[in-house]
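Colleague: Kindly generate the corresponding structure for this input.
(one chain, ligands or ions: 1)
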Amino acid sequence: MRKTYLFILSILISGACTNISDSGKNKEGKNDPAIPNAYFVNAILYNYFSAEYKALAYQAFNAASDHIELVKLKNPHRTDLAIVLDIDETILDNSPYQARLFELNTSYDSLWNTWCNMSQARPIPGSVEFLKLADSMGYHIFYITNRKEKHVLGGTLTNIQNAGFPQADSSHLLMRTADNSKESRRNKVRETYEIVMLVGDNIADLYEDTSNFVLRDKTVKMHKGEFGRRLIVLPNSIYGNWTESLNLKTQTQVDSLISIMTQPFTAN
Ligand SMILES: [Mg+2]
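Modeller: All right, here's what the predicted structure looks like:
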């Protein structure tokens, strides 16, 4: 297993560098094509339509509800307990936006601010009920998102308010201003509150993340006893730091990763 990890790491560190020059040409001298949008279609459809996605979301928020009840039982008089949640693909479903990118055969950013300011994203199944429970139990709720404050503050607030999320006001919404990392915003919350739960679809929503594939796996293993308890994860196979850790941008890199997976067929 360790040998496989080192092999994967060597590929990931170099990205497709062994095959791609600085000019973006592969070893055959051809332009390395970006991954076609069609590669993401199953992930997009899964998030929006599948019963399994909804079941996983309910599972996550049921576990979260059980945990905050337990924490409250152990700390009945504490008034400084907080829950921190990400927004996108954690409490709001942006798969219609992803579907629109697919339809237009374009990529992230081109429509993102427009979509956010439409305030039309639906709540992730189970999320509103969970946060209403947390609110009724006296937890402080903070929404930490990397949506950019200067572009989509109003649209985001309207969306989470219309969806019925509690404590959805500007004092509980910590958007991205300059720092991409969420840790500084979590620490800001920690100055006044104790964070007893973190909820997200990306490891960076839970603790300081890295783009190193091997370290990411190692850190998850270190925290394995906390998932479904203090740390709650929602599924997102469309995008996230996991794709960046795999340098998942070009066809050549996809081919490299697929060839790692098919080793059982090609060994010997
Ligand atoms: Mg997210």
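
Colleague: contacts and neighbour counts: CA atoms only from here.
Modeller: OK.

Colleague: now the strands: where do they sit in the chain?
Modeller: Listed in chain order, the strands of the chain (DSSP state E) span 81-85, 92-93, 122-123, 140-148, 173-176, 194-200, 231-233.

Colleague: Now do stretch 260-268: distance from first to last residue.
Modeller: 14 Å (Cα to Cα, to the nearest Å).

Colleague: and that stretch, average pLDDT?
Modeller: The average pLDDT within stretch 260-268 is 90.

Colleague: Which one of the strands of the chain lies nearest to Ile260?
Modeller: Of all the strands of the chain, it is strand 231-233 that lies closest to Ile260, at 26.6 Å by Cα to Cα.

Colleague: which residues touch the closest one?
Modeller: Under the contact criterion Cα atoms under 8 Å, 6 or more residues apart in numbering, strand 231-233 has outside partners 60-61, 63-64, 197-202, 206, 227.

Colleague: how far out from the middle of the chain is stretch 237-254?
Modeller: Computed by Cα atoms, centre = their mean, to the nearest Å, the separation of stretch 237-254 from the middle of its chain amounts to 14 Å.

Colleague: now do stretch 40-49
Modeller: 15 Å.

Colleague: again, but for stretch 179-187
Modeller: On Cα atoms, centre = their mean, the centre of stretch 179-187 falls 15 Å from that of its chain.

Colleague: start to end distance for it?
Modeller: End-to-end span of stretch 179-187 (Cα to Cα): 13 Å.

Colleague: do stretch 115-125 as well
Modeller: 20 Å.

Colleague: mind listing what's buried in that stretch?
Modeller: By 16 or more other Cα atoms under 10 Å, the buried positions in stretch 115-125 come out as 115-117, 119-125.

Colleague: Contacts for that stretch next, please.
Modeller: 54, 57-58, 89-94, 96-97, 152, 154-156, 158-159, 163.

Colleague: which of the buried residues of stretch 115-125 come close to the ion?
Modeller: When the buried residues of stretch 115-125 are checked against the ion using Cα under 5 Å from the ion, none falls in range.

Colleague: In helices, which of the residues you listed fall?
Modeller: Assigned to helices by DSSP state H, the following of the buried residues of stretch 115-125 qualify: 115-117.

Colleague: Could you list the low-pLDDT ranges of this structure?
Modeller: 1-30, 108 (pLDDT under 70).

Colleague: Swap in 50 and give it another go.
Modeller: 1, 13-23 (pLDDT under 50).

Colleague: Give me the distance between the residue of it at minimum distance from the ion and Trp112.
Modeller: Proximity of the chain to the ion (Cα to the ion) peaks at Asp88, 3.9 Å away. Separation of Asp88 from Trp112 (Cα to Cα) stands at 12 Å.

Colleague: higher neighbour count, these two?
Modeller: Asp88 (21 against 18; other Cα atoms under 10 Å).

Colleague: one step back: would you reformat the contacts of strand 231-233 as TSV and include distance to the ion and neighbour count?
Modeller: Formatted as TSV, the contacts of strand 231-233 follow (distance: Cα to the ion, whole Å; neighbours: other Cα atoms under 10 Å):
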residue	distance to the ion	neighbour count
Ala60	15	24
Phe61	15	25
Ala63	19	18
Ala64	17	26
Met197	16	22
Leu198	12	22
Val199	9	27
Gly200	6	24
Asp201	5	23
Asn202	6	21
Leu206	11	22
Phe227	17	16
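
Colleague: Could you work out the most separated pair of these?
Modeller: Ala63 and Asn202 (17.6 Å).

Colleague: Kindly report the residues of the stretch 151-268 of the chain close to the ion.
Modeller: Asp201.

Colleague: any idea how far the residue of the chain closest to the ion lies from Asp255?
Modeller: Counting by Cα to Cα - Asp88 and Asp255 are separated by 29 Å.
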